[in-house]
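> A predicted structure for the sequence below; I have some questions about it.
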Amino acid sequence: MRLEAHAKINLSLDIVGKREDGYHLLEMVMQEIELHDVVEIDKADKGITLSCNKEYIPCNAKNTAYKAAAMMIERCGINGGVRISIEKNIPVAAGLAGGSTDAAAVIRGMNEVYALGLSQEEMMGLGLKVGADVPYCLVGGTALCSGIGEIVKPLKSFSGIDVLLVKPAFGVSTKDAYMGFEIDKVKRHVSTRRLISAMERRDLDAVAYNMRNLLENVTLRKHPILKTIKESLSEHDAIGTLMSGSGPTVYGIFKNAEDAGRAEGFFKDKYREVILTKTR
Ligand code: ATP
């Protein structure tokens, strides 16, 4: 069975508190994009075999797809195995939920190939055991995610907006980004309601004005090149720019495909991964 595993961008990321176990409490507007990995899932007699077209992705128990498969076999009492192959198109350690979306695809795929009959809610509960972004990846589209990301409220679709992703040659560890964050130093939180209302009206200027990610300063301080990328995106007609998740991917949203295409032309030889896509 062949599944598309789509990436996401954050239109916002607000940190509103901390749980007793140290996890941050978040409020994020998440948006699925056209960019996707392709995950092929087939039944096998036993065990989990994993292959990937990119040699730098671990094809062992460290892979989120492997973790999802092992968890499904154990939790759902599956008497059999699975063969998984991943065509990786989503930049890695980029803030685009690449690992989480592969895990979500494995859960959906195993639910089908083993005819488990799990509801979306049941799959989301299982997905949370693999990672906090997996429940959102199972729902996709436009959504407000809260808790540690696992409470997913679908929003009116914000599809079809032109987006240019720019990721420099380094990755960022999600854990490090959160560790560098100090909640007491936050002067202004995200106006999530205003952002959602602007998205509902498809008022791109108001969306751009309200797009905000509280982790952006942490990562920008460490990697000033990201500030340069944001400024260049604005100079090349992006209406709004933001870092996605814990970074380092920075993206711009554009009024139309022509503007986005021109910006792509400027960026594509300068940075490691430059991808023109759309919200989905
Ligand atoms: P998020 O936005 O959810 O924080 P991310 O895009 O920042 O995700 P990932 O692409 O999920 O980060 O990768 C983070 C790390 O996980 C990398 O070091 C990578 O080697 C490892 N990894 C394990 N499984 C996968 C997978 N299926 N796809 C990508 N990376 C994976």
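Sure thing, it's come through. Every value quoted in this text rests on a predicted model; they were computed, and no experiment measured them.
> from here on, contacts and neighbour counts on C-alpha atoms
Will do.
> Need the pLDDT of residue 179.
Here, the pLDDT recorded for residue 179 equals 89.
> Pull the number of nearby residues for it.
11 (other CA atoms under 10 Å).
> Parallel or antiparallel, list what pairs with the helix or strand containing residue 86.
Under the criterion of DSSP states H and E, residue 86 resides in strand 81-87. Strand 81-87 pairs in its sheet with strand 24-44 (antiparallel), strand 48-52 (parallel), by DSSP bridges.
> do the first one and the ligand meet?
Translated: strand 24-44. No - judged by CA under 6 Å from any ligand atom, strand 24-44 and the ligand are separated, with a smallest distance of 8.9 Å.
> Would you mark the buried spots in the strand holding residue 86?
81-87 (16 or more other CA atoms under 10 Å).
> try stretch 59-67
Here stretch 59-67 shows 59, 63-67 as buried, counting by 16+ other CA under 10 Å.
> Name the residues that touch it?
48, 50-52, 57, 84, 99-100, 102-104, 106, 130 (CA atoms under 8 Å, 6 or more residues apart in numbering).
> hmm, try it at 7 Å
Residues from elsewhere that reach stretch 59-67 (CA atoms under 7 Å, 6 or more residues apart in numbering): 50-52, 99-100, 102-103, 106, 130.
> from those, which is closest to residue 212?
residue 100 (22.1 Å; CA to CA).
> Let me know whether the helix or strand containing that closest one sits next to the ligand.
Using DSSP H and E, residue 100 falls within helix 98-113. Yes - against the ligand, helix 98-113 shows contacts by CA under 6 Å from any ligand atom at 98-100, 102.
> Sketch out the low-pLDDT regions of this structure for me.
Within the chain, no stretch falls below the threshold (pLDDT under 70).
> Would you mind listing what in it touches the ligand?
Checking the chain against the ligand by CA under 6 Å from any ligand atom, the hits are 57-58, 62-65, 92-100, 102, 133, 174, 245.
> what's the spacing between stretch 257-264 and its chain's center?
Put simply, stretch 257-264 sits 22 Å off its chain's centre (CA atoms, centre = their mean, to the nearest Å).
> Next: stretch 72-84.
Centre to centre, stretch against its chain (CA atoms, centre = their mean), the figure for stretch 72-84 is 26 Å.
> what's it in contact with?
Outside stretch 72-84, the residues touching it (CA under 7 Å, 6+ apart) are 39-51.
> can you redo these as a markdown table with neighbour count?
Supplementary listing: those in a markdown table, determined by neighbours: other CA atoms under 10 Å:
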| residue | neighbour count |
| --- | --- |
| 39 | 23 |
| 40 | 19 |
| 41 | 23 |
| 42 | 15 |
| 43 | 17 |
| 44 | 14 |
| 45 | 10 |
| 46 | 12 |
| 47 | 14 |
| 48 | 20 |
| 49 | 15 |
| 50 | 18 |
| 51 | 16 |
